[in-house]
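Participant: Sequence and predicted structure are below.
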Amino acid sequence: MSTKLLDAHDYDELDALLQTVGNSRSLGLDGVHGLLSALAVGPRKVNAHDWLALALGEEPRIIQHPDLDRCIELLLTLSESIVYALQHYAYEPVLMEHQDEHGEAEVDQYGWCVGFAAGIDLLADDWEAKLSTDPALVETVMPLSALGVNCETFTRHLPPAQQPANHFEREALIRRLPACLIDIRHYWEEQRDDQPRSHRLH
């Protein structure tokens with residue numbers, strides 16, 4: 001079965017649905033993309049039920065909205081498409097834009113970082129077990145911390161990150177995001193491969 005990737009219309013639809021189906025605690029499109037990106041590169045698979053409440057700001061079973069099912073359908077497809085993009089080295093983060101003081105469009109990574117931080121903290125025990133013992137993982141995730149992924153897990157185990165001094169440095173960090181996430185995904189894949197396998201006795 002081929003993975004359905006979201007097109008521009010799907011992204012626009014999901015963006016609108018998140019604003020109407022969710023509540024004040026829900027993540028926007030960029031935040032949801034960050035959340036699902038963190039889970040896609042993380043230590044283990046997370047059931048959709050466990051992250052949908054973060055995305056929507058409420059347990060889905062409590063939400064009464066005629067478009068809830070469609071919103072969840074698009075969220076699940078987005079999750080699959082992020083995994084597909086990472087596997088095929090075609091990942092791009094969904095970031096918002098705002099105008100700076102000169103009226104120029106400027107990329108804003110804040111929402112994506114908030115979502116990514118939520119994804120890290122959702123599996124905090126797994127992350128902390130390795131961040132506390134493996135300097136290689138600490139070094140790998142430092143660009144995320146510098147970009148603004150501010151979560152309790154990173155705060156406890158990472159040294160203070162040097163924040164970008166200007167928008168050129170910030171854009172450079174954003175350009176590094178795909179490679180950084182692929183490296184993290186490979187790290188956790190190798191950890192799982194190194195786990196001893198149990199053998200069935202006959």
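Facilitator: Cool, got the structure. Keep in mind the model is a prediction, meaning the values are calculated, not measured. Numbering: from 1, shown residues only.
Participant: Direction included, what does the helix-or-strand element of the chain with minimal mean pLDDT pair up with?
Facilitator: Sorted by mean pLDDT, DSSP states H and E, the helices and strands of the chain end with strand 96-99, the least confident at a mean of 80. If you go by DSSP bridges, strand 96-99 pairs up with strand 105-108 (antiparallel).
Participant: low-confidence ranges in the chain?
Facilitator: Confidence mapping of the chain against pLDDT under 70 gives the ranges 1-3, 101-103, 195-202.
Participant: buried sites along the least confident helix or strand of the chain?
Facilitator: In terms of neighbour count (16 or more other Cβ atoms under 10 Å), strand 96-99 has its buried residues at residue 96. The C-beta positions use only the backbone N, C-alpha and C, and glycine is treated the same way.
Participant: Can you dump the C-alpha atoms of that strand in PDB for me?
Facilitator: The C-alpha trace of strand 96-99 is given here as PDB (Å, rounded to 0.1, in the frame of the first residue of the first chain):
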ATOM      1  CA  MET A  96       4.900  29.800   9.900                       C
ATOM      2  CA  GLU A  97       5.900  33.200   8.700                       C
ATOM      3  CA  HIS A  98       5.400  36.700  10.100                       C
ATOM      4  CA  GLN A  99       6.500  40.100   9.100                       C
END
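Participant: I'd like the distance from that strand to the chain centre, please.
Facilitator: 19 Å (Cα atoms, centre = their mean, to the nearest Å).
Participant: With stretch 155-172 instead?
Facilitator: The answer for stretch 155-172 is 18 Å, by Cα atoms, centre = their mean.
Participant: Can you mark which positions in it are buried?
Facilitator: Under 16+ other Cβ under 10 Å, the buried positions of stretch 155-172 are 157-158, 161, 164, 170.
Participant: what's next to it, contact-wise?
Facilitator: Under the contact criterion Cβ atoms under 8 Å, 6 or more residues apart in numbering, stretch 155-172 has outside partners 106-107, 109, 127-128, 131-132, 138, 141-142, 145-148, 173.
Participant: Sort out for me which of those residues are in helices.
Facilitator: Among the contacts of stretch 155-172, the ones falling in helices (DSSP state H) are 127-128, 131, 138, 141-142, 145-147, 173.
Participant: Looking at these, which two lie furthest apart in space?
Facilitator: 128 and 173 (23.6 Å; Cβ to Cβ).
Participant: list the helices and strands the strand or helix carrying residue 9 packs on?
Facilitator: Here residue 9, judged by DSSP states H and E, is contained in helix 8-21. Packing partners of helix 8-21 (3 or more Cβ pairs under 8 Å, 6 or more residues apart in numbering; DSSP states H and E): helix 29-40, helix 48-56, helix 68-87.
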